[in-house]
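Visitor: Sequence first, then the predicted structure:
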Amino acid sequence: MSLPKPNPARPAVVTGASSGIGAALAENLAARGYSLILVARRKQRLAELAARLVTDHGVNVEVMSCDLSDAESRAKLAAELASREIAILCNNAGSATYGPLVDLDADAERNQVSLNVNAVHDLTVAVLPGMIARRSGAILITGSTAGNQPSPNNATYSASKAFANMFAESLHGELAGTGVTCSLLAPGPVHTEFAEAASIPSLEKMLPDFLWVDAEEAAKTAIDGLADGRRRIVPGLFAKAQTVGAALTPSSVSNPILRMVYGRLS
């Protein structure tokens, strides 16, 4: 079992907890008895989730409103977490954009890199020394099947998720024998507010419903996999097929296909 035992003094941290997989991760951890620190920009949503988790599961829940794409806000949060005994870190917050890079808002693209890459790195670096010293801790990093291959018209997102994928799997091997584990969650299509946030409401119409998983299923698969100390966790049959397909298909073949598919979204 790779998860530390629940201890009110050693909370689990979930970023991007205001909706989707993040909220479901928080729910799953609370049901297992973990006290929580919920992180996202939307404070009201976090407060509502926190109140429900306290009532339903009797755990302590703290709310930390933070824009993880902002370097100053991120540094304050990292310093706070470095000063605490964190049992579990779920690096889940992320965002995506679709379309030719040249047509996208440059500031939004930079913010996406800050959120999907810098925040994951900064928070992991903040909590890891304490976990190593205690020889106890678990880190979950939400990457994506989009990070398995180059994705034209989705360049910043796929590149940033390639970082998340490689960072998580590299740490998994690096931490062997330390008492700390790191797992990659690499989902494919998940019913969340992702499409709405990315301004592509047509995304969910591109695939039949049976190929999607819901956020609760993805979160349960993620925490079960983290508890088992797995290197890569891929929820859902379609995501598993995407993973195998990316490994076997040359970029010369997948590139024009993905360019066409993602081009239709923009």
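Guide: That came through, no problem. Numbers count the residues shown, from 1 in each chain.
Visitor: distance between stretch 64-79 and the chain's centre?
Guide: The chain centre lies 16 Å from the centre of stretch 64-79; the measure is CA atoms, centre = their mean, to the nearest Å.
Visitor: Pull out the buried residues from that stretch.
Guide: Of all the residues in stretch 64-79, those buried under the rule 16 or more other CB atoms under 10 Å are 64, 65, 66, 67, 68, 69, 70, 73, 74, 77, 78. Heads up, the C-betas are built off the backbone N, CA and C, glycines and all.
Visitor: okay, those in JSON lines with pLDDT next?
Guide: Output for the buried residues of stretch 64-79, formatted as JSON lines (pLDDT from 0 to 100):
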{"residue": "64", "pLDDT": "98"}
{"residue": "65", "pLDDT": "97"}
{"residue": "66", "pLDDT": "97"}
{"residue": "67", "pLDDT": "97"}
{"residue": "68", "pLDDT": "98"}
{"residue": "69", "pLDDT": "98"}
{"residue": "70", "pLDDT": "98"}
{"residue": "73", "pLDDT": "98"}
{"residue": "74", "pLDDT": "98"}
{"residue": "77", "pLDDT": "98"}
{"residue": "78", "pLDDT": "98"}
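Visitor: How many residues are close by residue 16?
Guide: For residue 16, the tally of surrounding residues (other CB atoms under 10 Å) stands at 26.
Visitor: Can you tell me the closest non-neighbouring residue to it?
Guide: Using CB to CB, 6 or more residues apart in numbering and skipping residues adjacent in sequence, the residue nearest residue 16 is residue 93, 3.2 Å away.
Visitor: correct me, but that neighbour touches residue 21?
Guide: No: here residue 93 lies out of contact with residue 21, judged by CB atoms under 8 Å, at a distance of 10.0 Å.
Visitor: neighbour-wise, which of the two wins?
Guide: Neighbour count, other CB under 10 Å: between residue 93 and residue 21, residue 21 has more, with 30 against 25.
Visitor: Distance check, that one against residue 64.
Guide: 18 Å (CB to CB, to the nearest Å).
Visitor: cool, residue 13 as well?
Guide: 9 Å.
Visitor: Could I get the buried residue list for stretch 38-47?
Guide: For stretch 38-47, by 16+ other CB under 10 Å, it's 38, 39, 40, 41, 45, 46.
Visitor: Pull the contacting residues for the last one.
Guide: Same thing as residue 46. Contacts for residue 46 (CB atoms under 8 Å, 6 or more residues apart in numbering) come out as 17, 18, 38, 39, 40, 63, 64, 65.
Visitor: residue ranges for the strands of the stretch 1-150 of the chain, please.
Guide: 12-15, 36-40, 61-65, 88-91, 137-142 (DSSP state E, counting those that start in this stretch).
Visitor: Redo those strands as a markdown table? Include distance to residue 211.
Guide: Shown next, in a markdown table, are those (distance: least, CB to CB, whole Å):
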| stretch | distance to residue 211 |
| --- | --- |
| strand 12-15 | 26 |
| strand 36-40 | 27 |
| strand 61-65 | 34 |
| strand 88-91 | 25 |
| strand 137-142 | 19 |
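Visitor: Those strands: which one's closest to residue 107?
Guide: Closest of those to residue 107 is strand 36-40, at 20.1 Å (criterion: CB to CB).
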